[in-house]
Structure formats: C-alpha cells, structure tokens
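Student: here is a sequence with its predicted model. Questions after.
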Amino acid sequence: METILPAALSLAAAALWGLCNHIQRHALDDTDTMTGAFLSVAVVAVCCWLAAPFFVDPSWWNSRGTLIFVIVGVFFPALGQRFQIAGVSLVGPALTASIAAFTPVIAIGLGVLFLGESLGLQSAIGLILTIAGLLLATWSPRGIKRGWPLWAILVPLGASLVRGISQPGLKFGMQDVPSPLFALLVTTTVSSLVLGVMLALHHRQGRTRFGSGVGWFALNGLVNGAGILALNAALTMGTLTLVSPLSGTVPLWALLLGLFVFKRETLKWKHLAIALLIVVGGALIVTR
C-alpha cells in the first residue's frame, strides 16, 4: 500500500488531465484562451472556499507551508493552465502533449537536488521507457505540420517547466501542512488573482471572446482541479520519483479516451507499442 495508493492517485490525475485535453478542444471553438484559463482556475478556487469551513485549520494560515503554496500559486495552476490552453491553440494538442512528457524530468531533477530524493537504476530505466512511450503517443510519420512561428514552441515548454517546478514546491509545502485540499485552496486562489489581472488587461485591449466555450471551460476547471487534488494527495504519500512519471502519462490517457470514448482514433500497432512502453516503465517505477 506504500506505493499502490500514491501510484493510483497519480494515474487518476493523469487520466483527468487527459480528459481536459478533449474538453479544451470544444471550449476553444468560440472562447479565447485567457478567459478559458481564468475560468478553469477560478471555478476550483470558489469550490475550495465553499468547502473551507469543513477542512481548514486556522493555524495553517500562519505556517511556512502557506507561504510556499502562495509562491507556487503565482505560477501554478495559473501559468500552467495559461500556457497549456494557449499551447493547444498555437501549436496543437499533439506537440503540446509531447513537450509535457518532459515535466517528470524537471520535477525529479529538482527533487533529487533539493529534497534529497534518489533515483535508482530501475527507476531511471522506467522513467526513460515512460517518456519514450509518451513521445511515441504524439509522434506522427507525416511529421507535425507547422503553420506557426518558432517562438510559439516556448508556450508549451513554459507549461512543462511550470508544472515541473510546482511539483517539488507542493511537496515541500505539504511537509509542513499535509493537506492536499488546503494546498489546492491557496494555490488556486492566488492563481485566480494573477489570471484575473491578466484577463482584465486582455479585456481592456478587446482581446476577450465569450461564447458557449465558457461552460466547457468551467467543466474543464472542475476536472483539472480534481486532477490537481489527486496529485497533491499523491505527493503527500509518495516520492516525486514515483508520482511525477505516473502523473505525466497524460498523453496516453488522452489517446485512450480518443480511441474508446470520443472515437477520434483508430487502433494501430503504434498504440500497442505505446501501452507496452508506458506499462513496463510504470511497473519498473512502482516496484523499484
């Protein structure tokens, strides 16, 4: 149980974020990315504040953990959602998901450097296999058609960097306040303020667009928030070397949902190879 529960929560987070990829496709049809990012985070913050009287210990507000959550909240989920949604809009979901596959490398590297975690040979092999599977999930033999400027690649790269940095930060903060819900409350509240300012500036410049996608982004926020809550819970129980690679299997879940739920994919040999790489890699990480 020492690894099974955090592993299960990590995979649940990845599955929820894989679902977000499909929801965002609908949402971006008639709503701009800035509005979408704000709604995705603010909905979660409101839900957390409604539940706060039932789970928040007042003494937590004066702790070091709260300060860490505030710092993390400036970047995540605010910039994570902003860059993720903008990345899907600019360079497409395939390349955005491909770059996101490197989030575990960033998170684990910081965990080893600053949190004293260790990455053994078996875990390293599992991480390499998992990342190979994630990259294969977004690879196309026809290549990726580029109708966007080269600087646009920095947007999904920013999302990957923000998520990679935030995971060690969340784990560090929850060593002081081991409450996944409180961590979610503080980070989404700060992120909502950051995105609210950005949205106001965009609206003043006439760059906002409201449509039926508003409802889809609200749904995206609830699903994304549930994923972050699962990640936070996993981080309180497991190491970054366990949690980060498994929570990074988002492209696999997005692909499976496209195959069996949304019927946007057809089953090919590539899908079997992806599943084999990620399953074997994940097994090596969990049983290390």
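Tutor: Right, received. Where do you want to start? What you see is a predicted model, and the numbers here were worked out from it, not measured in a lab.

Student: OK, contacts around Gln175?
Tutor: Contacts for Gln175 were tallied using CB atoms under 8 Å, 6 or more residues apart in numbering; they are Gly65. Where C-beta positions appear, they are placed from N, C-alpha and C, glycine not excepted.

Student: count the residues that sit near Thr236.
Tutor: Using other CB atoms under 10 Å, Thr236 has 18 neighbouring residues.

Student: now the helix or strand harbouring it: buried residues?
Tutor: Here Thr236, judged by DSSP states H and E, is contained in helix 213-237. Neighbour counts over helix 213-237 (16 or more other CB atoms under 10 Å) mark 213-214, 216-237 as buried.

Student: stretch 50-66 - what's its average pLDDT?
Tutor: For stretch 50-66, the mean pLDDT works out to 96.

Student: measure Ile228 to Gly126 for me?
Tutor: Between Ile228 and Gly126 the distance is 24 Å, computed by CB to CB, to the nearest Å.

Student: what residues does the helix or strand following the helix holding Thr236 touch?
Tutor: Scanning forward in sequence from helix 213-237 by DSSP H and E, the next helix or strand is helix 240-247. For helix 240-247, the surrounding residues in contact (CB under 8 Å, 6+ apart) are 3, 6-7, 9-11, 13-14, 103-104, 107-108, 110-112, 115, 117-119, 123, 126-127, 130-131, 164, 167-168, 171, 231, 234-235, 281-282, 285-286, 288.

Student: now, of the residues you listed, which are buried?
Tutor: Those of the contacts of helix 240-247 that meet the buried threshold are 3, 6-7, 9-11, 13-14, 103-104, 107-108, 110-111, 117, 119, 123, 126-127, 130-131, 164, 167-168, 171, 231, 234-235, 281-282, 285-286, 288, by 16+ other CB under 10 Å.

Student: excluding chain neighbours, give the residue nearest to Ser40 in space.
Tutor: For Ser40, ignoring the flanking residues on the chain, the nearest one in space by CB to CB, 6 or more residues apart in numbering is Gly221 at 3.9 Å.

Student: tell me the contacts of that neighbour?
Tutor: 39-44.
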